[in-house]
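Novice: Need coordinates for the following:
(chains A, B, C and D)
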Number of protein chains: 2
Amino acid sequence: MELDERKKKILQAVIRNYLETGEPVGSRTISKYTDLNLSSATIRNEMADLEEMGYIFQPHTSAGRIPSDKGYRFYVDAMMEEKEREVGEIREMKEMLVERQSKIETLLKQVARVLAQNTQYATMISAPRSKRSKLKFIQLSRVDAHQLLAVIVLEGNVLKNNILPVEEELDDETLLKLNILLNTTLNGLAIDEINLAMIAVMKQQAGIHSHIVSEVIDAVAEAIRAEEDLEIYTSGTNNIFRYPELADQQKASELINTFEEKKLLGEFLQASHTEVEETGIQVYIGAETSVQSMRDCSVVTATYELGGGMKGTIGIVGPKRMDYDRVVTTLRTIQTQLDELYRSEEKT
Amino acid sequence: MELDERKKKILQAVIRNYLETGEPVGSRTISKYTDLNLSSATIRNEMADLEEMGYIFQPHTSAGRIPSDKGYRFYVDAMMEEKEREVGEIREMKEMLVERQSKIETLLKQVARVLAQNTQYATMISAPRSKRSKLKFIQLSRVDAHQLLAVIVLEGNVLKNNILPVEEELDDETLLKLNILLNTTLNGLAIDEINLAMIAVMKQQAGIHSHIVSEVIDAVAEAIRAEEDLEIYTSGTNNIFRYPELADQQKASELINTFEEKKLLGEFLQASHTEVEETGIQVYIGAETSVQSMRDCSVVTATYELGGGMKGTIGIVGPKRMDYDRVVTTLRTIQTQLDELYRSEEKT
DNA sequence: TGTTAGCACTCCTTTTGAATGAGTGCTAAT
DNA sequence: ATTAGCACTCATTCAAAAGGAGTGCTAACA
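Specialist: Numbers count the residues shown, from 1 in each chain, chains lettered A, B, ... in the order given. Have a look, this model is predicted:
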C-alpha cells in the first residue's frame, strides 16, 4: 500500500494531536482538525490503512489511535518543522551562560539546569571527552613526605587531579626536573598519543627515578580515564512525573535509578556521540535507545564542541510524545551558544 | 494518666509490629503477640488510654492503631535496642572501604552507596567542613599567559582548585616568590584564621604584585566556600519507592527534587551537625525535620570525623516506620569504620 | 477492682452490575 | 470514492451491596 499525500496529512494530524493531548485521537477529531473536509467515516478508512501499515495503533478496540514508534520515526524524519525560537527565550539562555564559568564543570551543570528548566524534560550532559584533547599543563607537587599531587590541565581548562602515594622521598630539585621533563615531553600531546616509546625515553632521562616516571604516567592516564566515564551531569530528573506514561512506580523508579547511577547514561551518550550525523543532533525513539529503562522514552542528543576536539554530548529524555520540534530547536540553540562561548574564549 | 510498665509493653508491641508490617495493628494481634496473656478486650482498654495520651492513633474509626510522632519519639528515646551487627555485614562494609581512596570525594561516594545498599533507604553525606581544617599546601601555576591555576590541599587530602584570570603577566620568578609567600604565610592555618592583618602583610611583601595577592586570597577563600555547601553526595534515592507511604507521585517527586537540588540537604545536615549530642547520632521524626518535603520521613544523622576538625554528616532518610535500631547500629559501625580509616592514615 | 466475653456499630475495601460514552468497522446509499 | 447510519466493543464511572477488621461499651465474672 502506498503512503499518499492524504494519508501523510492524516498521519501528521494524528501525531500532532496526540503530542498535544496525550489522548488517543479519534476519527471525528481529525475530521474537524484538518482542512481536508472529509467525513469521519472516510478518515476511519484511512486510519485503518495507516494502522495496517504500522504507523499508528489502537491501545484497545474502540479507542482512538496513537502513533507507533514507526509513526514517530516517520514524523521526525519527514514531517518535523523546527520552530523559530522566541527571541526572549534565546536571550534568557544566553544570559544564563554569559556569566562565564572558568570551570567547565560549573558551566555544564548550569547548562543542564537551564535545559531541564526550559524543556521540562530530564537532561543529561557528558563532560567533553579528553582522549583527543591536548595536555596543556601538568604539574607534580609534594604535599607531604609520601604524597605527590598531580594536577593536569587539558585544553579547554578541564582539570584533573590526583594524589599519588610514593615510596621514596623526592627532593625539590628532582621534583623540578621531573616537572620539566613531564611538561616538555607531554605538553601539547593528546592522551592517546602518549605511547610506550615516549615513556621509555622519559624513563631513561629520569635516570634513577625512572620508576617514579612510570608510576606517574600510569597515574595520570588512570586519573584521566577513571573520571572520564563518570562525569555526567544531570538535572530535572523529577520532570518525568509530569508525564503519566512514565510516572508509574516501576518505571519511575528504574528511570531515577538510571539517572542516579549515571553509568548507563555515560555509555549511551558515548555511543550516541560516535554515530551522530552531520548536524550533531540525533533522535532515539522508544526501543531505539540501548538503555533498558528508557524503552518508553525518547531521547534527543546533541554533540557540542568546546574546541580542540573536546566534544561532549547533551541528552534530553522525555516521553515518546515529547515536543520533538521544540527540543531539537532548543538543542540547536545551545549548540551554537556553546560554540560562540568557545570562540570568545579563544580570543581572550 | 500514667505510663505504667504494661502500657509501655503494649506501646512497644504496637510500634514493633507496625514497623514490620506497615499496617495498623489491632488489639487481637497484640493479645497474641505479647507474653502478657491478656485478652483483646483488655488491650483495647489500654490502647484507648495510649491514644488519649497521644502515643498512638487510629487512621480512621474501626481501624487498628499506628504510632504518632510522639509514639515514635518515645520509642527512639526509651525503648530502642541497638542490634548486634552481624559479623558478615560488618566485614562487608569494611571491605568496601578498605580499598583506600586517595580522594575523599571517591571515598564518600562509596560510603553513600554502601549505606543505601545496606539500609535500603536514601542516603546523603556532606563533605567534611573545611572551615576549621588546615591548609596543607597551596600552589599557583601558570596555565597560560592570562590564567593561573590555584590548587589548594586541605588536611585530609581535600582538594580544591580554581582557575584565576589575571590581567598582568607574571614571570616564573615572581610566581615562585608568590608561591613561597603564600605557603609560608598560610600553611597550617585554618581558613577562618586567615585575617585581614595577615593579608595586609602579604600584600606588602608582595610589593608591586600586591593586588595579585588579594585577588588570589579572595579566589582561594571563594573557591573553598563556593564548593563547600554544594558538596553533598547522595545515593539510593529511588529506595523511597519501596515504601508506599512515600511513593505517591506528589511526595516522591518533591523528595527526588530535594535530593537532586541538594541545597536543602546541605543546610539540613549543616544544622544537624551543630545540634548533635555526644554520641554524634541524632534522630529526626516527621515534622522535626526542617525540610518541607521530608515531613513524612524520618532522618537519622551521624557526624563523622576524618581528623583535624574535619567533620561531616551522614543522613539516612526513610519512612517514619524505618528500622531505627538497624539504622542507628549501621551508622555507628560506619562511624568507627571511618574513624579507624583516619587513624591508619595518620600512621602512613 | 481488674479482666473478659459478647455484641452492636463503624467504616474501609472489594465486588458487582448497570449506565455512559467514545470510537470503531461494516454496510448500504449517494 | 465518499458518506450516513447503525450495531458493537470496551474503558470508565457510579452506586449499591457484601465482607471484614476492629472498635467501644455493657454486663458478667473472679
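
Novice: only C-alpha atoms for contact and neighbour calcs from this point on.
Specialist: Noted.

Novice: which other helices and strands contact the strand or helix carrying A:S298?
Specialist: Using DSSP states H and E, A:S298 sits within strand A:297-305. Packed against strand A:297-305 by the contact rule (3 or more Cα pairs under 8 Å, 6 or more residues apart in numbering or on different chains; DSSP states H and E) you find helix A:263-274, strand A:281-285, strand A:311-319, helix A:324-347.

Novice: closest one to DNA strand D among the ones you listed?
Specialist: Closest to DNA strand D of the helices and strands packed on strand A:297-305 is strand A:311-319 (Cα to the nearest atom of the strand; 18.4 Å).

Novice: can you list contacts of the closest one?
Specialist: Residues outside strand A:311-319 that contact it (Cα atoms under 8 Å, 6 or more residues apart in numbering or on different chains): A:121-129, A:240, A:243, A:245-246, A:269-270, A:272-273, A:296-305, A:327.

Novice: Okay, now the sheet partners of that strand, with direction.
Specialist: Sheet pairing here is set by DSSP bridges, and for strand A:311-319 it gives strand A:122-126 (antiparallel), strand A:297-305 (antiparallel).

Novice: could you dump those to JSON lines with mean pLDDT?
Specialist: What follows is the strands paired with strand A:311-319, written out as JSON lines (pLDDT from 0 to 100):
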{"stretch": "strand A:122-126", "mean pLDDT": "97"}
{"stretch": "strand A:297-305", "mean pLDDT": "95"}
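
Novice: re earlier: need the residues that contact the strand holding A:S298.
Specialist: Residues outside strand A:297-305 that contact it (Cα under 8 Å, 6+ apart): A:128, A:246, A:269, A:272-273, A:276, A:280-286, A:289, A:311-322, A:327-328, A:331-332, A:335, A:338-339.

Novice: neighbours around the closest residue in space to A:S126 that isn't next to it in sequence, how many?
Specialist: In space, and not counting its chain neighbours, A:S126 is closest to A:I232: 4.6 Å by Cα to Cα, 6 or more residues apart in numbering or on different chains. Residues within reach of A:I232, counting by other Cα atoms under 10 Å in any protein chain shown, total 26.

Novice: One more: the one 5 residues further on?
Specialist: Applying other Cα under 10 Å, we find 24 other residues in the vicinity of A:T237.

Novice: Double-check it against A:F259; I have them as touching.
Specialist: Yes: proximity of A:T237 to A:F259 meets the contact threshold set by Cα atoms under 8 Å, at 7.2 Å.

Novice: Can you pull out the low-pLDDT segments for chain A?
Specialist: A:97-102, A:130-133, A:156, A:191, A:219-230, A:308-309, A:344-348 (pLDDT under 70).

Novice: still on that earlier bit, unless I'm mixing things up, the residue nearest to A:S126 is touching A:A127, no?
Specialist: Yes: with contacts counted by Cα under 8 Å, A:I232 reaches A:A127, the gap being 6.2 Å.

Novice: Get me the contact residues on the stretch 201-348 of chain A for chain B.
Specialist: Within the stretch 201-348 of chain A, the residues that sit near chain B (Cα under 8 Å from any Cα of the partner chain) are A:S235, A:G236, A:T237, A:N238, A:F241, A:A247, A:Q249, A:S253, A:E254, A:I256, A:N257, A:E260.

Novice: Let me know the closest of those to A:S27.
Specialist: Of all those, A:A247 has the smallest distance to A:S27: 28.3 Å, by Cα to Cα.

Novice: quick one, what contacts the nearest residue to that closest one once chain neighbours are set aside?
Specialist: Distance criterion Cα to Cα, 6+ apart; nearest residue to A:A247, sequence neighbours excluded, is A:F241 at 4.9 Å. Applying Cα under 8 Å, 6+ apart, one finds that A:F241 lies in contact with A:A247, A:A252, B:Q249, B:S253.

Novice: Distance check, A:F241 against B:D296.
Specialist: 19 Å (Cα to Cα, to the nearest Å).

Novice: Likewise for A:R16?
Specialist: Separation of A:R16 from B:D296 (Cα to Cα): 41 Å.

Novice: same question, A:V216
Specialist: For A:V216, the distance to B:D296 equals 50 Å [Cα to Cα].

Novice: Flag every residue of the stretch 1-150 of chain A that's near DNA strand D.
Specialist: Within the stretch 1-150 of chain A, the positions near DNA strand D by Cα under 7 Å from any atom of the strand are A:N37, A:L38, A:S39, A:A41, A:T42, A:N45, A:H60, A:T61, A:S62.

Novice: Can you report how many residues lie near the last one?
Specialist: Here the number of neighbours of A:S62 (other Cα under 10 Å) works out to 8.

Novice: Regarding it, what is its secondary structure?
Specialist: Secondary structure state of A:S62, per DSSP: H, G, I helix; E, B strand; the rest coil, is coil.

Novice: Now it. Its backbone dihedrals?
Specialist: Dihedral angles of A:S62 (phi, psi; degrees, to the nearest 10) stand at phi 60, psi 30.

Novice: dump the residue contacts of the residue lying farthest from the centre of chain A.
Specialist: Distance from the C-alpha centroid of chain A, by Cα atoms, centre = their mean, peaks at A:I208 (45.7 Å). By Cα under 8 Å, 6+ apart, no residues touch A:I208.

Novice: mind checking how far it is from A:V201?
Specialist: Distance from A:I208 to A:V201, by Cα to Cα: 13 Å.

Novice: Tally up the residues packed near the closest residue to A:Y33 other than its chain neighbours, please.
Specialist: Nearest residue to A:Y33, sequence neighbours excluded (Cα to Cα, 6+ apart): A:A13, at 7.5 Å. Using other Cα under 10 Å, A:A13 has 18 other residues around it.

Novice: check which helix or strand covers A:A13.
Specialist: A:A13 belongs to helix A:5-21 when elements are defined using DSSP H and E.

Novice: That helix near DNA strand C at all?
Specialist: No: using Cα under 7 Å from any atom of the strand, helix A:5-21 never reaches DNA strand C; the gap is at least 9.8 Å.

Novice: Just checking the distance from that helix to the centre of its chain.
Specialist: Between the centre of helix A:5-21 and the centre of its chain there are 29 Å (Cα atoms, centre = their mean, to the nearest Å).
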